[in-house]
Structure formats: C-alpha cells, structure tokens
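Engineer: When you get a sec, could you give me coordinates for this:
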Amino acid sequence: MNVFHGLLAVRNDKGQILDPENTKNIYRKTLSIAWPSTVEGALMSIIGSVDTMMVGMLGSAAIAAVGLTAQPRMIMLILAQALCIGTTALCARRKGAQDQRGANSCLNQSLTIITVLGVMMTLLGYFGAEWLVTLGGANADTLEMSTTYFRIISLAFLPVCWQLCICAAMRAIGKTRITMATNITANLINVFLNYCLIGGNLGFPALGVKGAAIATAVGSISASLICIFVVLRKKGYFHLALPRFDKVTISGLTKVGSSSMLESVCLRMGFLILARLVAGIGTAAFAAYQIVSQVTSLSFTLGDGVSAASTSLVGQSLGAKRKDLAMAHARAGYRIGLAAALMLMTVIFIFRRQIALLFTDEEQIIAGVTASLYVVIASMIFQNGRVVLSGALRGAGDVKFVAVCALLSVTILRPAFTWLFCYPVAGWLPQFPNVAVMGPWIAFLIDSIVRDRLLSHRIKQGKWLNIKLE
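Structural biologist: Numbering: from 1, shown residues only. Sure thing, here's the model as predicted:
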C-alpha cells in the first residue's frame, strides 16, 4: 500500500495528499469509467484502420480520396459536437447534484436542437459535396472519388447527430459500457459491409470507394438505432420525452457549447490547412500521412477514454460541491493517461515497419510511415496528457481556455511548422527524402508539448473549480 501510495498519490484542491483508501477509490472510479471508453476507442481505431486497409487495396489514390473527406466531415459536425460537449457538462453536473429529471430535460432539449442541425447538415453535405472536398484538398486524382464518398456518408448525418448526443449524455453519467457496445457493434457492421462491397464478396457487387461509403453510412445508422433503443427503455437513467425548453438549460448549453464551437473551429481550420499542405506534397505523401494518422488515432483513443472519465467525474464532483474530488480526479486521470502512452509507445516502436506493411506494399510510403512514427512516439506522453487535461476542464465547463489553447497551437503554430518542414526545410535537405513526410508530425510534437504545458498550468491554478454553468 505504501509503495502504491508513494507512486500514485494525488492531491486535492488545497494541495493535500489524499489518504491511501481515498486514493484507491479515485483511481478505481476513474478506471471503471475509462476502460470501456478506452476499449471502445481502441477497437474503433483498429476497425478504422482495417477500413483504411480495405480501401488501400484500391491504391494510394483511394486512401487519399477517403482521407480527404475527414476534415470536411468534421467541419460539418462542429455545431453538433459543440452542443454534445455542453450536454455532457450539464448532465454530469446534474447527475452529481442528484437531479435526474434535470439531466433528462437537458438530453431531450439537446436532441431536439441537434435534429434540426442534422437535417441542415445532410442537405449541405449532399448538395455541396464537391465544393467541400475541394476545400479539403482534393485534386484531379481524388476529386471524383472523394465527392462520391462524401455525398453518400452525408445521408447518415442525422443519425450520427442522434448517436453523438445520446452517447454524450451516457458518458456524463459514467455509462461508458453502453457507448462501447453501441459503437463497436456499429463499426463491426461497417467492416463486414466493407468486405462485401469494396471488393465484391459473398455475392455483392464490387463498388470500390462507393461501397466503403455505403458501409460507413449503414454502420452510422446502426449505431444511432442502438442508442435510441437504449433511451427508450423504461428502466434506464435517461428516457425520451417531448422537450420543455427552459432558460437555465439553454443558457448552460450555450455557455459551454459556444466555447466548444470556438475550439472546434480552431481545430478544423488548423487541420484543414494541414490537409491541404500535405496534399500539396503529393498523393504518396498524403497516403503516408493518412496511415500515420490511423496510428495516432489509437493514441488519441487511449487518452480519450481517460478523458471521458475525467469529464464525467469532474462534472459530477463539482455538481456535488466537492472541489477536492474534482481536482483529485483530474490529477489521477493525467497519470493514468501517461501510463497508457508509455505502453503504446513501446508497442509502436517495436512494430513500426509491420504496422506500415498492414496498409500498403509501396516501399516509398512504408519508408515515410516508419520515419514519421519515430516522431509520433516522442509526442505521445504530451499528447495523452493534454487530451486528459482537456477532458477535465470540459467537465468543469472551462471550455474557453481549451479553445484558446487550440487557437494558439493548432490553428497557428502547427500549420506554420508543417509548412516550414514540408517545404523550405525539405528543399534545403534533398538528401533526406522523408523530411517532407515527417514535417506534419514534427509540428504535431511541438503542438502537443505546447498544449500539455498550458493545460497543466491551468489545472494547477484551480480557477476552473469555480466556474458556474447554471
């Protein structure tokens, strides 16, 4: 017990070290919520990688074409995701305050608003697909495939919105096993249909990229149906009902959601610029970038699992007027995130080339992926740290500070350093052909360090413990 407490001791908001029993309870609660989210994220990341591998059979242009739709899709979801972060923060506070009726009211109001957003997104995504993927960096090699893929997945935007909203509420009350089962089931459906429709198996037609899009859309719809079934159950914490809008809830959703939207806008602007910068290097370089992105998404998901636990537990603690527990949960989550990063770093280092071979057999791409993974490994401790700390601050409603960090680091620093290494530095060092491919990941490392340090300082200050949402 003394060894455990010495290594993993956490402090409360007054700087006092918690006793061993309370320390164990803090870690136990965090892990009980984090592990389903972590397993969910890891399996979804692996399934997403399998998805990319299946598309990879069609060639590097197909990988790039599907990858180019990622940022336009995320741009479309900005408002919906901002609303969902507000939903998580408010539902967690009300859960901590033992206000089940208030939490249900929040979910039903959010679902109504997000339904309107989903319909608008579907129309814009379907009819504006070509313009959106061109904005994302599609060129002559990829424009037709990207447009087709985006137009089809746009038809599932409304179910995606419902899923996001319900899962956000479930995570707020710590029901991460439900979201895990929902998302894993839906993604397994996606992979199965990929197998059937991309190459034409089990009697299905070979539709290529179009088949991958259909599989993604059907998987999203399946996830939404499962989520709706969960909230229709009479014995669950949440249940669907006609919404009764109230100023307190709308004010809270707006307060958190507006700051979250600013963060999302900053992130999407930065990532969109990044995608265009990397796409400008060439199709092979962008394919390598997409493969490394799949690997880094696994790191994100491990951090996101702990982040979801921190969001829920910090919000519930503040709802129960326990600032000491809120600080303890934030610090415990940070340590768990670092431990997960160290394990993943070891695995990626050992199997870096084998990972690249899973996606492609083109040696030029393999070399770029392998070189980039060295940089990614160096960034993982900072990356996981900042993901967990962001989750803790979101749980407290301190989304504005997270947004400012995103503006500074992702929208300004990361694109600037990406341009620097992908173009001028790569031109100065022609004897090192992989410098341009590694450029985005060197910028990623710098971004991770900057945000981790800024967020750590914010946590230590403790100002976030006093934020009122209602």
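
Engineer: Hmm, I459 and R331 touching each other?
Structural biologist: Yes - R331 is within contact range of I459, at 7.5 Å (criterion: CB atoms under 8 Å). Using the backbone N, CA and C atoms, a C-beta is placed for each residue, glycine as well.

Engineer: Out of those two, name the residue with the larger neighbour count.
Structural biologist: Shown here are R331 and I459; by other CB atoms under 10 Å, R331 has more neighbours (23 against 20).

Engineer: which other residues reach stretch 419-433?
Structural biologist: Here stretch 419-433 makes contact (CB atoms under 8 Å, 6 or more residues apart in numbering) with 277-278, 280-281, 367, 435-436, 438-440, 442-443.

Engineer: cutoff 10 Å now
Structural biologist: Contact with stretch 419-433 is made by 273-274, 277-278, 280-281, 285, 364, 367-368, 371, 417, 434-443, 446, as judged by CB atoms under 10 Å, 6 or more residues apart in numbering.

Engineer: for stretch 243-251, same thing?
Structural biologist: 86-87, 90, 94, 102, 104-113, 252, 257, 469-470.

Engineer: ok, which stretches of the stretch 51-200 of the chain are helices?
Structural biologist: Assigned by DSSP state H, counting those that start in this stretch, the stretch 51-200 of the chain shows helices spanning 60-67, 70-76, 78-96, 100-127, 129-135, 143-154, 157-172, 176-197.

Engineer: Same list (those helices) but as CSV, adding mean neighbour count.
Structural biologist: Shown next, in CSV, are these (neighbours: other CB atoms under 10 Å):
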stretch, mean neighbour count
helix 60-67, 26
helix 70-76, 21
helix 78-96, 27
helix 100-127, 19
helix 129-135, 19
helix 143-154, 23
helix 157-172, 26
helix 176-197, 20
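
Engineer: what's the least confident stretch among those helices?
Structural biologist: Ranked by mean pLDDT, these bottom out at helix 60-67, which scores a mean of 75.

Engineer: by contact count, what packs against that helix?
Structural biologist: In terms of contacts (3 or more CB pairs under 10 Å, 6 or more residues apart in numbering; DSSP states H and E), helix 60-67 is packed against helix 20-56, helix 143-154, helix 209-232, helix 247-279, helix 283-319, helix 363-396.

Engineer: would TSV of the ones you listed with distance to M74 be doable?
Structural biologist: TSV is the format used below for those (distance: least, CB to CB, whole Å):
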stretch	distance to M74
helix 20-56	14
helix 143-154	12
helix 209-232	14
helix 247-279	6
helix 283-319	12
helix 363-396	16
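
Engineer: Out of these, which gets nearest to L338?
Structural biologist: Closest approach to L338 among these is made by helix 363-396 (5.9 Å; CB to CB).

Engineer: in that closest one, what counts as buried?
Structural biologist: Buried residues in helix 363-396, counted by 16 or more other CB atoms under 10 Å: 364-373, 375-396.

Engineer: Next SSE downstream of that helix?
Structural biologist: helix 399-406 (DSSP states H and E).

Engineer: Who are the packing partners of that following helix?
Structural biologist: Short answer (3+ CB pairs under 10 Å, 6+ apart): helix 399-406 packs on helix 78-96, helix 247-279, helix 363-396, helix 435-461.

Engineer: Identify whichever of these lies nearest to L132.
Structural biologist: The nearest among those, by CB to CB, is helix 247-279 at 10.4 Å.

Engineer: from the middle of its chain, how far away would that closest one be?
Structural biologist: Relative to the mean C-alpha coordinate of its chain, helix 247-279 is positioned 13 Å out (CA atoms, centre = their mean, to the nearest Å).

Engineer: quick one on the thing from earlier: turn the helices of the stretch 51-200 of the chain into JSON lines, columns for distance to S222.
Structural biologist: Output for the helices of the stretch 51-200 of the chain, formatted as JSON lines (distance: least, CB to CB, whole Å):
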{"stretch": "helix 60-67", "distance to S222": "20"}
{"stretch": "helix 70-76", "distance to S222": "18"}
{"stretch": "helix 78-96", "distance to S222": "19"}
{"stretch": "helix 100-127", "distance to S222": "16"}
{"stretch": "helix 129-135", "distance to S222": "23"}
{"stretch": "helix 143-154", "distance to S222": "14"}
{"stretch": "helix 157-172", "distance to S222": "9"}
{"stretch": "helix 176-197", "distance to S222": "4"}
